[in-house]
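J.: just need the structure, nothing else, for what follows:
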Amino acid sequence: MLDRLEHVTKADLSKRPAQVAAMFDEVAEGYDRTNAVLSMGNATLWRVATTKAVAPQRGERILDVAAGTGTSSASLAASGAHVVAADFSPGMIDVGRRRQAHLANVEFVQADATALPFADNEFDAVTISFGLRNVVEPEKALAEFYRVTKPGGRVVICEFSTPPVGFVRWGYGCYQRFVMPTMVKLSSSNDSAYDYLNESIRDWPDQHTLAGWLKRAGFTQVEYRNLTLGVVALHRGVKPLDAVTPAAAKPAAAKKPAAAKAIPATKSAAVTAGQPETEKPAAEKPATTKKPAAAAKPAATKKPAASKTEAVTKPAAAKTPAAPTSDPSAEASASPDLAAS
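T.: Sure thing, here's the model as predicted:
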């Protein structure tokens, strides 16, 4: 088993799915205890903050990805919501089923975060705690979260992050290099697996990068809140009410630029020869040359008068498409509101 784990404890972090699953199978029994020790008791506080951010309601369906032994799922299920606890590791699921057997509204499913076995728009909320950095393609996983979330539903991610203050970053780095290895040897039977944990944390991007990934996946109202001085960050986003599926959402967004291009084209009559080729020239100069000079001039003076009104009305229409050019999703930033949610 340790031979297989050595491949995922190197700095390259290939994160081959079978090996990552095997690593978590190995530590499943003592996983919760070791987490409590390494986090110095903060794991419970982070779980409470995540549950508040999800804001589960009775009767909702909530997907808890990388649920592990189901401690976060149990916290969500206390509200009366039905929680699907999904994890890639069979060992974690076995331990979770035993420990959460008393909860009728928690259902364990083995699943890959990048290919979730669920229908579109199935869940009111999707959450993942300390698991996204273990996924080979995290942005692909976020696209899957978006797909299975109902329009108006929310996604909440709790993950290790980058402390924004320099001396806190330095202190946390010292803790990772010197203190954590010693604590792992005292509390875990597999310290090699926690070498991987340390390296995966150091290689994980900061708060702003993850916020950008959420926006690219299609989520709006993206915000984050730092926990424990930024050692951990809580991100949240909302799937728009008018969203259908990722495939259908992109063509719909493409319609507005198409309309915007047609309007600016009408602003200069010389450039618009591509569309009204036969209308504008016939209405202005060719009309004056074909008719006699006496009859043509009155006709020519009437038609420019009409074309001026068109020229006035068309730029007015151009103002309407200009409004949607602003990004409807707010810029992600540290949000005190997330604490109260």
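J.: please make it C-alpha for all contacts and neighbour counts, starting now.
T.: Will do.
J.: what about Arg58, neighbour count?
T.: If you count neighbours by other C-alpha atoms under 10 Å, Arg58 ends up with 12.
J.: next: Met180.
T.: By the criterion of other C-alpha under 10 Å, Met180 has 18 neighbours.
J.: mind checking the SS state of it?
T.: The three-state label given to Met180 by DSSP: H, G, I helix; E, B strand; the rest coil is helix.
J.: could you check the pLDDT of it?
T.: The pLDDT attached to Met180 in the predicted structure is 85.
J.: show me the contacts for it.
T.: Met180 is in contact with Leu38, counting by C-alpha atoms under 8 Å, 6 or more residues apart in numbering.
J.: same check on Ala115?
T.: Taking C-alpha under 8 Å, 6+ apart, we find Ala115 in contact with 141, 144.
J.: that one bridge partners, please.
T.: Residues in a beta bridge with Ala115, per DSSP bridges, are Asp112.
J.: do you know how far it is from Ser39?
T.: 30 Å (C-alpha to C-alpha, to the nearest Å).
J.: all strands for the stretch 51-200 of the chain, in order.
T.: Shown for the stretch 51-200 of the chain, the strands assigned by DSSP state E, counting those that start in this stretch span residues 61-65, 82-87, 106-110, 123-129, 149-160.
J.: okay if I get these as TSV plus distance to Leu45?
T.: TSV is the format used below for the strands of the stretch 51-200 of the chain (distance: least, C-alpha to C-alpha, whole Å):
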stretch	distance to Leu45
strand 61-65	18
strand 82-87	20
strand 106-110	21
strand 123-129	13
strand 149-160	12
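J.: could you chop this structure up by domain?
T.: Split into domains by automatic domain parsing, the chain comes to 2-243, 252-324.
J.: low-confidence regions, this protein specifically.
T.: 1-17, 21, 25, 27-28, 187-194, 244-337, 339-341 (pLDDT under 70).
J.: one step back: would you list the strands of the stretch 51-200 of the chain in JSON lines and tack on mean neighbour count and distance to Pro205?
T.: Shown next, in JSON lines, are these (neighbours: other C-alpha atoms under 10 Å; distance: least, C-alpha to C-alpha, whole Å):
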{"stretch": "strand 61-65", "mean neighbour count": "26", "distance to Pro205": "20"}
{"stretch": "strand 82-87", "mean neighbour count": "26", "distance to Pro205": "23"}
{"stretch": "strand 106-110", "mean neighbour count": "20", "distance to Pro205": "27"}
{"stretch": "strand 123-129", "mean neighbour count": "25", "distance to Pro205": "15"}
{"stretch": "strand 149-160", "mean neighbour count": "24", "distance to Pro205": "9"}
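J.: of those strands, which is nearest Thr50?
T.: strand 149-160 (6.6 Å; C-alpha to C-alpha).
J.: that closest one pairs with which strands, parallel or anti?
T.: Strand 149-160 is paired, per DSSP bridges, with strand 123-129 (parallel), strand 232-238 (antiparallel).
J.: what about the residue nearest to Asp242 when sequence neighbours are not counted, distance to Val222?
T.: In this structure, Asp242 finds its nearest non-sequential neighbour in Pro151, 6.7 Å apart by C-alpha to C-alpha, 6 or more residues apart in numbering. Pro151 sits 15 Å away from Val222, taking C-alpha to C-alpha as the criterion.
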